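Trainee: Need a 3D model of the sequence below.
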Amino acid sequence: MLEMQELFTQLKQTMESNFQQITRDIHGVSQDIQTLSIEMAQLNKKTSMIEENMKKITDEVKEVKKKTDSLDMEMKEIKQENEKLLDQVAMMELRHRENSLRLRNMHEMDNQEWPKNIYEALAHLLQQDIKELEGQIENIFQVNSTNPKYKKQPRDSIVIFRTKKTLEISNPLVTDAQKVVV
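Mentor: Here you go, the predicted model:
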């Protein structure tokens with residue numbers, strides 16, 4: 001019986017020691033669970049912040065897309081407006097060309113005489129009276145460009161008529177014994 005008591009005492013001590021070890025292990029696991037809970041809470045906060053930031057970014061992307069679409073529409077409108085303006089300019093140039101006559105290689109005189117000489121040459125070419133021709137002409141001017149200056153040629157003269165005029169020119173225009181290109 002003594003042996004049994006010793007065995008029982010030993011068993012009791014082993015069980016107490018095991019119980020203390022299990023208690024310490026449970027306490028350690030409990031602390032680990034608390035640490036994990038704190039880390040999980042921190043991760044949840046970070047996740048919520050990331051979700052909020054993602055939502056903000058998504059909203060900003062949507063706003064940028066709206067602005068981009070708006071700018072695309074404005075660009076299309078501007079391109080259409082530009083096309084219209086280019087068409088108008090082309091039509092104006094066409095009308096201007098229909099009403100104008102370019103005289104090339106016309107001998108230049110002093111500034112006071114050249115319009116008079118152009119009137120006389122056109123009156124002769126078109127077989128009209130100078131007074132009648134003056135009423136039909138809106139403007140006469142010379143074109144300044146570098147090409148005639150370097151080649152030592154006379155400048156081109158432009159005659160703009162008030163109305164569209166079809167010129168049927170069969171005879172060449174000759175002034176001062178020099179042929180003028182019409």
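
Trainee: Can you identify the element that follows the helix ranked longest in the chain toward the C-terminus?
Mentor: Ordering each helix of the chain by length in residues (DSSP state H) puts helix 2-98 first. Going down the chain from helix 2-98, the next helix or strand is strand 100-103, by DSSP states H and E.

Trainee: Which strands border that next one, and is each parallel or antiparallel?
Mentor: strand 157-161 (antiparallel) (DSSP bridges).

Trainee: who touches the partner strand?
Mentor: Residues outside strand 157-161 that contact it (C-beta atoms under 8 Å, 6 or more residues apart in numbering): 96, 99-103, 106, 114, 118, 122, 136-143. For the C-beta atoms, the positions are set from N, CA and C on the backbone; glycine is no exception.

Trainee: and if we set it to 7 Å?
Mentor: With C-beta atoms under 7 Å, 6 or more residues apart in numbering as the test, strand 157-161 has contacts from 99-103, 106, 118, 122, 136-143.

Trainee: any idea of the mean pLDDT in the longest helix of the chain?
Mentor: Mean per-residue pLDDT for helix 2-98: 91.

Trainee: what helix or strand is N139 on?
Mentor: Element membership for N139 (DSSP H and E) is strand 137-142.

Trainee: Output the contacting helices and strands for that strand.
Mentor: strand 157-161 (3 or more C-beta pairs under 7 Å, 6 or more residues apart in numbering; DSSP states H and E).

Trainee: quick one: buried residues of the strand it packs on?
Mentor: For strand 157-161, the neighbour count (16 or more other C-beta atoms under 10 Å) marks S157, I158, V159, F161 as buried.

Trainee: Fine, thanks again, bye for now.
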